[in-house]
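[1] Below is the sequence, then the predicted model.
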Amino acid sequence: MNPHHQIASEIQDIKLSLGRIKERSTRFEFLSENEAGRTKAPRIGDPRMAPYFIEETQVVGFESARDELVRCLVEENNELMLVALVGMGGLGKTTLAKHVFDSQLVKKNFDCRSFITVSQSYTIRELLTEMIKKFCKDSNEPIPRGLQNMDDETLINQVRQYLESKRYLVLFDDVWKDNFSDGIEHALISNNKGSRIIVTTRKMHVADYFRKSFPVHVHELQRLPPDKAWELFCNKTFRGHCPTELEELSREIVQKCGGLQLAIVAIGGLLLTNYKKTNYNAHILREKC
């Protein structure tokens, strides 16, 4: 089987398992985190939104990668540089990138930051407009007047002028087009301030294409090893320790996730520590999952 088809099949299997678990959560009297009253965080129906609501306990298996990426961002190198996080969907690229982007060490090393989620139907105008709005918001500066009425060339000049004297950080999340850099490279001025660009993508070609414009540091994400996958699941589902009577079933669920961080977080968010032991039948639940 083609590796990409195999990966897609694995993700589909996980999605099916996720749906079955959710459908039967009431029957087996698992409660959602909101129902248990254990968190005030918003309920996230779409698993793809999970990376934007990061808990410290979810950054499991990323510790060395996080430290490496932070070093790349804050090191004393005045050259404009791009950091690319590359890997298949579900590995946790956005989770890792967001955690690095929001770290206190990174925040204090940049004058302004901008986090852009790139749609597959983006326009250059949308990217540039969103970029400067978020730069201004991050640095508590007013948004330039007439921004919405500017043409692409004027927007590029506006961004360059704004960034000219600043050490900036911009993160483009979920880039698909190989030639993405063509549209934004002229706006991202190399001003010898040690500015940085972060890109998350599933395609190595995206990172390679950037090399014609910027020095590039690539970090390829891999599936979580079994011990880290288990640690993440326990942190997300049980706030640390898995009850003995649930361990066998929980390990089977983690194995089905195949080391995909997003799947573990999504499923872990649906399962809870609160259940009625008298009605709990692990054998039936295992068959249904």
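    All right, it came through fine. Small disclaimer: the values here were computed from a predicted structure and weren't measured. Numbering: from 1, shown residues only.
[2] low-confidence ranges in the protein?
    For the chain, applying pLDDT under 70 flags the ranges 1-59, 272-289.
[3] ok, now with 50
    Counting by pLDDT under 50, the chain shows low-confidence ranges at 3-4, 7, 22, 24-48, 52-54, 273-281, 283-285, 288.
[4] domains in it, as residue ranges please.
    3-47+224-288, 63-220 (automatic domain parsing).
[5] Could you dump those into JSON lines with mean neighbour count added?
    (C-beta placed from N, C-alpha, C; glycine too.) Listed next are the domains of the chain as JSON lines, based on neighbours: other C-beta atoms under 10 Å:
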{"stretch": "domain 3-47+224-288", "mean neighbour count": "16"}
{"stretch": "domain 63-220", "mean neighbour count": "17"}
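[6] Can you tell me the SS state at K193?
    Here K193 takes the coil state, with states given by DSSP: H, G, I helix; E, B strand; the rest coil.
[7] any idea how far T129 is from it?
    Taking C-beta to C-beta, to the nearest Å as the measure, K193 falls 23 Å from T129.
[8] ditto for D151
    11 Å.
[9] try G240
    Counting by C-beta to C-beta - G240 and T129 are separated by 43 Å.
[10] ok, now E245?
    Taken as C-beta to C-beta, the span from E245 to T129 is 54 Å.
[11] Now do the contacts for I156.
    L128, H186, A187 (C-beta atoms under 8 Å, 6 or more residues apart in numbering).
[12] All the strands of this protein, residue numbers only.
    81-86, 112-117, 168-175, 196-201, 216-220 (DSSP state E).
[13] center of this structure - which residue?
    T94 (1.3 Å; C-alpha atoms, centre = their mean).
[14] quick one: it and L171 touch, right?
    No - the pair T94 / L171 is not scored as a contact, 9.4 Å apart, by C-beta atoms under 8 Å.
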